[in-house]
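J.: next come a sequence and a model predicted from it.
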Amino acid sequence: MSRTFSIGGIHPGDNKISANAAIENFPLMDTAYISLSQHLGAPAEPVVAKGDTVKTGQLIAKASGFISANIHSSVSGTVTSIEPYPDLSGNLVPHIIIKVEGDEWVEGIDRSEDIVREISMESKEIIGKIADAGVVGLGGAAFPTHIKLSPPPNKKAEFLMINGAECEPYLTSDYRVMLESTEQILIGTKIMMKALGVKKAYFGVEENKPAAIKKLKAVASKGYKEIKIVTLKKMYPQGGEKQLIDAILKRRVPSMGLPIDTGVVVHNVGTALAVYEAIQKNKPLIDGVVTVTGKCMTEQRNFRLRVGTSFDSIMYAIGGFPKDAVKLVNGGPMMGKAISKMEAASVKSTSALLLLTDRETRRGVEGNCIRCGKCVDVCPMGLEPYLLNRLSRADRLEDLEINMVHDCIECGCCMYSCPANIPLLDTIRLTKAQVLRIIRSRPKK
Amino acid sequence: MKKLLVSPAPHIHGKESTRGLMRDVIIALAPSLLVSIYFFGFSAIKLAFVGAITCVIVEYAIQKYIIKAKPSVKDYSAALTGLLLALNLPPNSPWWIVFIGSLVAIGIAKMSFGGLGQNLFNPALVGRVFLLVSFPVIMTDWTTPASWFREGIDSSTGATALSIVKEGLSKGMTMDEIFAQNDFSYAQMLFSKIGGSVGEVSAFALLLGLVYLLVRRVIRPHIPLSILGSVVIFSGIFWLIKPEQFPDPVFTILTGGILMGAIFMATDYVTSPMSSKGMVIYGVGIGIITVLIRFFGAYPEGISFAILIMNATVPLLNNYFKPERFGKEVKNG
């Protein structure tokens, strides 16, 4: 019996049309645009200057502050400038711009395909090395991984959980990684277990990926018995940390809490691979697997892409921006961000580029709320989106807090299901941010 | 340079629309409508047609000429109200009855509250109850008109099973005697009743509609099941105590408007609660009030009043019965 989370959820259709495209190396670009803030937290501080030559894998910006991450050059060449450049949302943020010359790597990085199984480092060493390699969460939020692996002293981690749900439609990068680098991610999982000091890990995969489940189970049975592969029912948003923990362990993260409050630390499949490469191959996080997909495209692709590749050059490589497409989404169709500038470049956490046509993404005309309750029915956090929307439009922040707007995970189930096409999440997202700011600004008891 | 469309997530939308949901309810009513055409012929067609058309025209006119809003009759909700009203009238009603009922349903019960989604009370039921109070003779005349398939029945035998039983019991007869005297059987009630509103003729056709609504996920089972369940349990208690004075639960469920009410009227989105807990309390309330009116009230049937009474509690239910929150516990410290 496969499991799933206990409240709400939807089936937004699979559309995993790129599932059978093997991962290919994306050709090197001419210029790399490497953002200094591609992780949650403070931007990194550059340690190179205009005119410097850099090698692939060289540290070019250092973490600044507690929540921040190192950034390494994904290419070799000359730094032409460090200047504001549009990010995914079109905002100008400092980027290191490097003219690509050849592909010369820093010495000491193991680029062979050999699988290194022996884990020689101890917990502290592992966490330090992961921080050095600039590994961040690749499930979307890009939270620095080394911090997640060092829970506060009053909290004890019991289990590690690897998120292979990939519940968003279209996305297949995690699937390809599970299929093509199965043992590497299991070693990455073991490394993180050692770092956390836990004895058991759960690896959740949705049942629409039978090939990945079969392969993971086969490899895990030979030498990775402490990692339990869990088959999950197909249900969005199962890849949300709170939903995944509920689905696998039937434990609920309290309101305003973190997974560690239930004794669990959750990491994504892509992160497990990045950890493996950082520890066993001495390779910093400079590339990642990215699905390039859309029904308007003739060919579906999964690329291993260097960080800082501009979307322009990706579109060029796949034969130009499809004529019918109107929207380019960084991520999946439910939670991804629409990209506003084609010259913007990929970041560490980019996992998919989705091209949507007008017909696929056009919003319907908003009608009256008919109080059908479908939004309440599908909300995985047990909230009442219709009410939150109404309170949001009236700016009633106090009532919004009473009705727990701060628990919203912005999964979009309500807006997807609304028969009257009401932009529920648009309004809720805004007041949620306000309410969270107010809650956090209160003096702690 | 390609201009990109930028908007917040989600970037896709499900297939459900208000129009689609209303259409599904109309489809679910089709079996009952077909059965009523079989039994009442042109009369049923006339009532359904006049009801639907009047509601659509009234809503359109109010939006266009009085409140100057964009007409929204394309969402089928007005047509559905007219159809529901027609199916809740005696089959021999004159056309102007359904016309007046439609005026009240749309004009007063729906549009004066602000249109779709804003009304507190079920518009079709408000229309029906208005007619029942204003034209009591016409609204309780259960004479059935002739159809192409059968002869008309004169008013002396055309009373509803409910009123026959109520009258019989008040004369001191037992249920068995009433059944024997009137030739009632449960099978007859399941497939074709002895007099009753247009849409209530066949319990089977109504249940078919329920199955369709559940399969298409238009409604959730909470409301119909809690109404039917509470009617069975509550009337069953009376029946067990005094079987000679109260009809048994199966008879109670199969006769009158309970199925019609539980499946199509009480489940109206706008006037029913949002959360599962609220739905169950609302349904149980309807069930209990219906049984009380039937057994102890002046009217033989009480579901219309019961639904309208519980409609009034919906804002309160929505306020007090919240869905189960995921993060029930709040993190300490």
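T.: Received, thanks. The structure presented is a predicted model; accordingly, all values stated were derived computationally and were not measured.
J.: who does residue A:267 bridge with?
T.: Judged by DSSP bridges, the bridge partners of residue A:267 are residue A:162.
J.: and it, what pLDDT?
T.: Residue A:267 carries a pLDDT value of 96.
J.: distance of it from chain B?
T.: 21 Å (Cβ to the nearest Cβ, to the nearest Å). Using the backbone N, CA and C atoms, a C-beta is placed for each residue, glycine as well.
J.: and that residue, how many neighbours?
T.: Per other Cβ atoms under 10 Å in any protein chain shown, the neighbour tally for residue A:267 reads 27.
J.: who's in contact with it?
T.: A:137, A:139, A:145, A:148, A:160, A:161, A:162, A:163, A:192, A:275 (Cβ atoms under 8 Å, 6 or more residues apart in numbering or on different chains).
J.: which residue does the stretch 201-333 of chain B bring closest to chain A?
T.: Taking Cβ to the nearest Cβ, chain A has its nearest neighbour within the stretch 201-333 of chain B at residue B:327, 3.1 Å off.
J.: my bad, the stretch 51-200 of chain B
T.: residue B:117 (4.0 Å).
J.: pLDDT below threshold where in the chain?
T.: Since no chain was named, I'll use chain A. A:1, A:445 (pLDDT under 70).
J.: my question was about chain B
T.: Along chain B, segments meeting pLDDT under 70 span B:1-2, B:145-159, B:188-195, B:329-333.
J.: can you list the contacts of residue A:267 in TSV and add neighbour count?
T.: Converted to TSV, the contacts of residue A:267 look like this (neighbours: other Cβ atoms under 10 Å in any protein chain shown):
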residue	neighbour count
A:137	24
A:139	22
A:145	29
A:148	24
A:160	27
A:161	25
A:162	28
A:163	28
A:192	26
A:275	29
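J.: out of these, flag the one nearest to chain B.
T.: Taking Cβ to the nearest Cβ as the measure, chain B lies nearest residue A:139 of the contacts of residue A:267, at 15.3 Å.
J.: got a list of what the closest one touches?
T.: A:163, A:239, A:267, A:268, A:270, A:271, A:349.
J.: what helix or strand is it on?
T.: Residue A:139 is located outside every helix and strand, with elements delineated by DSSP states H and E.
J.: and the gap between it and residue B:263?
T.: Separation of residue A:139 from residue B:263 (Cβ to Cβ, to the nearest Å) stands at 44 Å.
J.: likewise for residue B:54?
T.: In this structure, residue B:54 and residue B:263 are 24 Å apart, going by Cβ to Cβ.
J.: quick one: buried residues of stretch A:104-112?
T.: Residues residue A:106 are the ones in stretch A:104-112 that count as buried (16 or more other Cβ atoms under 10 Å in any protein chain shown).
J.: residues touching the residue of the stretch 1-150 of chain A found nearest chain B, list them.
T.: Closest to chain B within the stretch 1-150 of chain A is residue A:7: 5.5 Å, counting by Cβ to the nearest Cβ. Contacts for residue A:7 (Cβ under 8 Å, 6+ apart) come out as A:379, A:380, A:381, A:382, B:323, B:324, B:326.
J.: any chance of those in a markdown table, plus neighbour count?
T.: Formatted as a markdown table, the contacts of residue A:7 follow (neighbours: other Cβ under 10 Å):
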| residue | neighbour count |
| --- | --- |
| A:379 | 28 |
| A:380 | 26 |
| A:381 | 24 |
| A:382 | 19 |
| B:323 | 20 |
| B:324 | 12 |
| B:326 | 24 |
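J.: need the residues you listed in CSV (columns: secondary structure and distance to residue B:67).
T.: Output for the contacts of residue A:7, formatted as CSV (DSSP: H, G, I helix; E, B strand; the rest coil; distance: Cβ to Cβ, whole Å):
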residue, secondary structure, distance to residue B:67
A:379, coil, 33
A:380, coil, 38
A:381, coil, 37
A:382, coil, 37
B:323, coil, 34
B:324, coil, 39
B:326, coil, 40
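J.: ok, of those, which one's closest to residue B:187?
T.: Taking Cβ to Cβ as the measure, residue B:187 sits nearest to residue B:323 out of the contacts of residue A:7, at 41.4 Å.
J.: quick check, that closest one in contact with residue A:382.
T.: Yes. With contact defined as Cβ atoms under 8 Å, residue B:323 reaches residue A:382; the gap is 4.7 Å.
J.: for chain A, which helix is longest?
T.: Ranked by residue count, the top helix of chain A under DSSP state H comes out as helix A:424-441.
J.: does that one reach chain B?
T.: Yes. Helix A:424-441 reaches chain B (Cβ under 8 Å from any Cβ of the partner chain) through A:425, A:426, A:429.
J.: now for the last one: which residues touch it?
T.: Looking back up the chat, that one is residue A:429. The contact partners of residue A:429, by Cβ under 8 Å, 6+ apart, come to A:408, A:410, B:8.
J.: by proximity to chain B, which residue of the stretch 51-200 of chain A wins?
T.: residue A:169 (7.3 Å).
J.: list buried members of the contacts of residue A:429 by neighbour count.
T.: A:408, A:410.
J.: contacting residues around the host helix or strand of residue A:248?
T.: Take DSSP H and E as the rule and residue A:248 turns out to sit in helix A:241-249. By Cβ under 8 Å, 6+ apart, the surrounding residues in contact with helix A:241-249 are A:3-6, A:9, A:159, A:161, A:163, A:165, A:202, A:204, A:230, A:232-233, A:237-238, A:251-253, A:259, A:262, A:264, A:266, A:380-381, A:409, B:326-327.
J.: I figured residue B:308 hits residue B:126, correct?
T.: Yes. Taking contacts as Cβ under 8 Å, residue B:308 lies within contact range of residue B:126: 7.1 Å.
J.: tell me which of these two has more neighbours.
T.: Neighbour count, other Cβ under 10 Å: between residue B:308 and residue B:126, residue B:126 has more, with 25 against 21.
J.: give me the nearest residue to the more buried one, chain neighbours excluded.
T.: Of all residues not flanking residue B:126 in the chain, residue B:109 sits nearest, at 3.7 Å (Cβ to Cβ, 6 or more residues apart in numbering or on different chains).
J.: next up, phi/psi of the residue in the stretch 201-350 of chain A positioned nearest to chain B, please.
T.: Going by Cβ to the nearest Cβ, chain B is nearest to residue A:255 of the stretch 201-350 of chain A, at 3.1 Å. Dihedral angles of residue A:255 (phi, psi; degrees, to the nearest 10) stand at phi -60, psi 140.
J.: tell me how far the closest residue to it other than its chain neighbours lies from residue A:95.
T.: Nearest residue to residue A:255, sequence neighbours excluded (Cβ to Cβ, 6+ apart): residue B:327, at 3.1 Å. Residue B:327 sits 38 Å away from residue A:95, going by Cβ to Cβ.
J.: next: residue A:344.
T.: Relative to residue A:95, and taking Cβ to Cβ, residue A:344 is found at 9 Å.
J.: same thing with residue B:184?
T.: According to Cβ to Cβ, residue B:184 and residue A:95 sit 84 Å apart.
J.: got it, and residue A:46?
T.: 10 Å.
J.: break chain B into its domains for me.
T.: Domain ranges of chain B: B:18-139, B:161-194+B:219-320, per automatic domain parsing.
J.: the last one near chain A anywhere?
T.: Yes. Looking at domain B:161-194+B:219-320 against chain A by Cβ under 8 Å from any Cβ, the contacts come from B:220, B:269, B:270, B:272, B:273, B:274, B:275, B:318.
J.: make JSON lines out of those residues and add neighbour count.
T.: Conversion of those to JSON lines gives the following (neighbours: other Cβ under 10 Å):
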{"residue": "B:220", "neighbour count": "17"}
{"residue": "B:269", "neighbour count": "22"}
{"residue": "B:270", "neighbour count": "22"}
{"residue": "B:272", "neighbour count": "27"}
{"residue": "B:273", "neighbour count": "26"}
{"residue": "B:274", "neighbour count": "24"}
{"residue": "B:275", "neighbour count": "21"}
{"residue": "B:318", "neighbour count": "21"}
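J.: ok, of the residues of helix A:424-441 next to chain B, which one's closest to chain B?
T.: Minimum distance to chain B across the residues of helix A:424-441 next to chain B is 5.6 Å, recorded for residue A:426 (Cβ to the nearest Cβ).
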